[in-house]
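> Structural data only, the sequence is not supplied:
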């Protein structure tokens with residue numbers, strides 16, 4: 001498999017007043033196209049920081065990040081936002097759905113930045129909802145859905161632009177065990193049957209078992225990179 005993500009000598013330092021906090025320390029990492037990677041480690045280990053750098057939500061203090069051959073660390077804010085909308089789907093712990101919109105309208109949101117017509121947006125949202133098993137809930141608002149269903153709507157929204165990369169920050173952290181397993185099974189299907197490259201941050205060893213491999217961080221340093 002070809003390499004999708006290439007990280008070289010990446011460090012990230014945050015400044016809090018006069019204090020400097022190093023969240024990541026000289027990380028080198030390759031992630032193959034079609035991989036499903038779990039990032040694990042204690043709180044404050046740098047997992048979410050690394051995920052945000054890969055997703056283009058933040059920039060490294062030092063080092064380079066290439067996704068699909070594109071040096072995203074070299075992009076300005078406008079170019080980076082455009083790159084994210086085309087290449088990355090984001091899935092968060094608390095779904096980030098708009099409560100006044102139906103499931104279909106929530107899924108359509110990323111397409112508002114495209115030239116697709118309203119009919120095309122609706123059709124694509126319907127396909128995405130069908131893929132996550134919620135075609136019959138298209139008209140329901142978030143308050144009319146369970147936590148697991150809301151997260152599946154969020155996954156449909158993340159995949160509607162057909163991104164090459166899905167980044168997931170504790171996507172099952174707010175779910176009961178059965179709902180968590182349903183969501184993780186869906187992510188596994190997107191990886192195995194649809195070729196999506198997935199990176200998931202999790203504290204849950206059972207969630208990490210769904211990934212193809214697990215990477216451990218501690219105090220901003222890569223400490224283990226073992227096949228699952």
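All right, it came through fine. All values derive from a computational prediction rather than experimental measurement. Numbers count the residues shown, from 1 in each chain.
> Residue nearest the middle of this structure, spatially speaking?
residue 167 (1.5 Å; C-alpha atoms, centre = their mean).
> Any figure for the gap between residue 185 and residue 172?
According to C-beta to C-beta, to the nearest Å, residue 185 stands 11 Å off from residue 172. To be clear about C-beta, it is placed using only N, CA and C from the backbone, and glycine gets the same treatment.
> Between the two, which is the more surrounded one?
More crowded of residue 185 and residue 172, by other C-beta atoms under 10 Å: residue 172, with 27 against 11.
> Leaving out chain neighbours, which residue sits closest to the residue nearest to the centre of the chain?
Residue nearest to residue 167 in three dimensions, not counting chain neighbours: residue 55, with 4.2 Å by C-beta to C-beta, 6 or more residues apart in numbering.
> If I look at the one you found, what pLDDT would I see?
pLDDT recorded at residue 55 is 90.
> How many neighbouring residues does it have?
22.
> Also the one 5 residues further on?
By the measure other C-beta under 10 Å, the count of residues near residue 60 is 21.
> Give the ranges of residues in the chain that sit below the confidence cut-off.
Scanning the chain for pLDDT under 70 picks out 1, 224-228.
> mind running it again at 50?
In the predicted model of the chain, residues 225-228 satisfy pLDDT under 50.
> mind listing the helices for it?
Using DSSP state H, the helices of the chain run over 47-54, 77-87, 103-108, 118-131, 147-159, 177-194, 205-208.
> Tabulate those helices (a markdown table), appending distance to residue 35.
What follows is those, written out as a markdown table (distance: least, C-beta to C-beta, whole Å):
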| stretch | distance to residue 35 |
| --- | --- |
| helix 47-54 | 12 |
| helix 77-87 | 15 |
| helix 103-108 | 25 |
| helix 118-131 | 20 |
| helix 147-159 | 17 |
| helix 177-194 | 8 |
| helix 205-208 | 14 |
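> Residue 223: which of those is closest?
Ranking the helices of the chain by proximity to residue 223 (C-beta to C-beta) places helix 47-54 first, at 12.0 Å.
> contacting residues around that closest one?
Contact with helix 47-54 is made by 5, 7, 10, 12, 23-24, 27, 31, 39-41, 58-60, 65, 67, 165, 167, 169, 199, 201, 217, 220, as judged by C-beta atoms under 8 Å, 6 or more residues apart in numbering.
> Among the helices of the chain, which comes closest to residue 141?
Of all those, it is helix 103-108 that lies closest to residue 141, at 7.5 Å by C-beta to C-beta.
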